[in-house]
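Participant: could you work out the structure for the sequence below:
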Amino acid sequence: MFENDEIAGEVTRGARALVVCPDIRRARSGADPEARLEEAKGLALAIGLVVADAAIIPIRDIRPNTLFGEGQVQRIATDCELHEADLVVVDGALTAIQQRNLEEKLKRKVIDRTGLILEIFGERAATAEGRLQVELAHLDYQQSRLVRSWTHLERQRGGFGFLGGPGETQIEADRRMIRDRMGKLRRELEQVRKTRELHRKRRGRAPWPVVALVGYTNAGKSTLFNRLTGEGVMAEDMLFATLDPTMRAIGLPGVEKAILSDTVGFISDLPTQLVAAFRATLEEVTAADIVLHVRDMANPDSAAQKRHVLDVLTELDVIDGEGGESDMPIVEVWNKWDLIDEERRIELEGLAASDENILPISAMTGLGVDDLLARLGQLLTEGARLHEMVLPASDGQRIAWLHAHGEVLEDADGGEGEQGPLRTIRVRLTEKERGRFEALKD
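Facilitator: Predicted coordinates:
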């Protein structure tokens, strides 16, 4: 898919990688450096690399040419030789110049966090939409790094003799081709977005509420999705096991059917190219009735991961950035309960008991899943008000809808109307259910 991209061509499965995590003092995100290093190793493993060694390298002053100081670059080179590393993974953003200079000094391929995540997304995207999004993000990243590939090339001079100036350089031609391709991809993605919007509107007219799973990557969303739906969605202990959104119907107490949506996992420092490219995918969350925030409570960096997820939800206008308030219910699912030691579990149980929208579960064993389903059913049916409907007896579709999705207290003869016999139906409906019922007229 990316013919001109050096990175995609040279990061091969089975290659031995040295993972380095720069700990930049003035740019620390609050995440524990050790946790960040483990995550970086997980990203490398997710693309099939063999982690030969990993290290945290503190950086006081960023060097514009190499990011690291001269002594630190030498240390990385020594470690590469010692551990026979084929490439170096830098868990941070590198400029094109920094990447090129490091490769020259280390005599090895160097890939930064953005390039690595793009590699993973490029390999995992399964749907046509996902592949379009990944290619757009990759091209956006690639065009800033053309200097690495083409600085030594230039087309022939144009014209004759001294009259012609220099012809179009290869880098200019390549940038033009990339811009043209990106324009085409954006038009195709805009059509996808419009189609997705139509599907959302159609679901809005349909009777089924939507529950969206969100969470940090590898928090266990797909495992929970499989537990609730009985489906076989890919669920592995690796980062970004799920990229393309998946939607399935589930039954809930008091609700005949709901739609459960599994979304791409969030991650700190997600490449800006991917934030834009995957916005259409994450827009599914904005149309949900309930958001299930799945958290990996066995991860020591769980609190920082929660902050990153809330930041993304704020960007999507799902929650208010100042107060963290939301118009839709957000249920925190404290997953991997079976992996937490007893002392920590007792401490967390006290916190969970104070909030009915925090539910400890284990998606792997099924612990607490029934309580989660009960809470979802309660949230989707609470606030129901009593309505009295007078409908033509011939309107079987809407009468059946009320019986299927509301709490019908009475269905009686309503006399005669202009169009024939009528039915009087007293039924409890939530505001959203009432809206969906009204939409059935359209």
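Participant: could I get the average pLDDT for the helix or strand hosting residue 135?
Facilitator: Assigned by DSSP states H and E, residue 135 falls within helix 128-143. For helix 128-143, the mean per-residue pLDDT is 81.
Participant: just the CA trace of it, in PDB.
Facilitator: What follows is helix 128-143, C-alpha atoms only, in PDB (Å, rounded to 0.1, in the frame of the first residue of the first chain):
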ATOM      1  CA  ALA A 128     -12.000  -0.900   3.400                       C
ATOM      2  CA  GLU A 129     -12.700   2.100   5.500                       C
ATOM      3  CA  GLY A 130      -9.900   1.200   8.000                       C
ATOM      4  CA  ARG A 131      -7.400   0.700   5.200                       C
ATOM      5  CA  LEU A 132      -8.400   4.100   3.700                       C
ATOM      6  CA  GLN A 133      -7.900   5.800   7.100                       C
ATOM      7  CA  VAL A 134      -4.500   4.100   7.700                       C
ATOM      8  CA  GLU A 135      -3.200   5.000   4.200                       C
ATOM      9  CA  LEU A 136      -4.200   8.600   4.600                       C
ATOM     10  CA  ALA A 137      -2.500   8.800   8.000                       C
ATOM     11  CA  HIS A 138       0.600   7.000   6.600                       C
ATOM     12  CA  LEU A 139       0.900   9.400   3.700                       C
ATOM     13  CA  ASP A 140       0.500  12.400   5.900                       C
ATOM     14  CA  TYR A 141       3.400  11.100   8.000                       C
ATOM     15  CA  GLN A 142       5.400  10.100   5.000                       C
ATOM     16  CA  GLN A 143       5.400  13.400   3.200                       C
END
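Participant: and that helix, which residues are buried?
Facilitator: Within helix 128-143, the residues scored as buried using 16 or more other Cβ atoms under 10 Å are 129-143. Yep, even glycine has a C-beta here, placed from its N, CA and C like the rest.
Participant: with respect to residue 176, which of the residues you listed is nearest?
Facilitator: Minimum distance to residue 176 across these is 10.1 Å, recorded for residue 143 (Cβ to Cβ).
Participant: what's in contact with stretch 58-72?
Facilitator: Contact partners of stretch 58-72, identified using Cβ atoms under 8 Å, 6 or more residues apart in numbering, comprise 22-25, 57, 73, 76, 90, 92, 94-95, 97-98, 101-102, 105.
Participant: show me where the stretch 201-350 of the chain has helices.
Facilitator: With DSSP state H, counting those that start in this stretch, the ranges of helices along the stretch 201-350 of the chain come out as 221-229, 272-277, 279-286, 302-315, 342-353.
Participant: give me the low-pLDDT residue ranges for the stretch 151-300 of the chain?
Facilitator: Filtered on pLDDT under 70, the stretch 151-300 of the chain yields the residue ranges 151-171, 199-207, 232-245, 272-273, 275-281, 283-284.
Participant: what about the stretch 301-442 of the chain, any weak spots by pLDDT?
Facilitator: Applying pLDDT under 70 to the stretch 301-442 of the chain flags residues 321-327, 383, 441-442.
Participant: count of residues packed around residue 230?
Facilitator: Using other Cβ atoms under 10 Å, residue 230 has 9 neighbouring residues.
Participant: hang on, residue 296 packs against residue 335?
Facilitator: Yes: using Cβ atoms under 8 Å, residue 296 is in contact with residue 335, at 6.0 Å.
Participant: please say which of those two ends up with more neighbours.
Facilitator: Neighbour count, other Cβ under 10 Å: between residue 296 and residue 335, residue 335 has more, with 28 against 21.
Participant: the more buried one contacts residue 225, doesn't it?
Facilitator: No: judged on Cβ under 8 Å, residue 335 makes no contact with residue 225 at a distance of 11.7 Å.
Participant: for those two, list the residues in contact with both.
Facilitator: Joint contacts of residue 335 and residue 225 (Cβ under 8 Å, 6+ apart) do not exist.
Participant: contacting residues around residue 398?
Facilitator: Residue 398 is in contact with 391, 437, 440, counting by Cβ under 8 Å, 6+ apart.
Participant: with residue 308 instead?
Facilitator: By Cβ under 8 Å, 6+ apart, the residues touching residue 308 are 216, 266-268.
Participant: ok, so of those, who is nearest residue 116?
Facilitator: Out of those, the member with the shortest distance to residue 116 (by Cβ to Cβ) is residue 267, at 11.1 Å.
Participant: apart from its chain neighbours, what residue comes closest to that closest one?
Facilitator: Spatial nearest neighbour of residue 267, chain neighbours left out: residue 217 (5.0 Å); criterion: Cβ to Cβ, 6 or more residues apart in numbering.
Participant: distance of that neighbour from residue 407?
Facilitator: Residue 217 sits 40 Å away from residue 407, going by Cβ to Cβ, to the nearest Å.
Participant: with neighbour numbers in mind, choose between those two.
Facilitator: It is residue 217, of residue 217 and residue 407, that has more neighbours when counted by other Cβ under 10 Å, with 26 against 14.
Participant: thinking that one is in contact with residue 263, fair?
Facilitator: No: using Cβ under 8 Å, residue 217 makes no contact with residue 263, being 10.7 Å away.
Participant: mind giving me the packing neighbours of whichever strand or helix holds residue 115?
Facilitator: Taking DSSP H and E as the criterion, residue 115 maps to helix 113-124. Judged by 3 or more Cβ pairs under 8 Å, 6 or more residues apart in numbering; DSSP states H and E, the packing partners of helix 113-124 are helix 6-10, helix 33-46, helix 128-143, helix 272-277.
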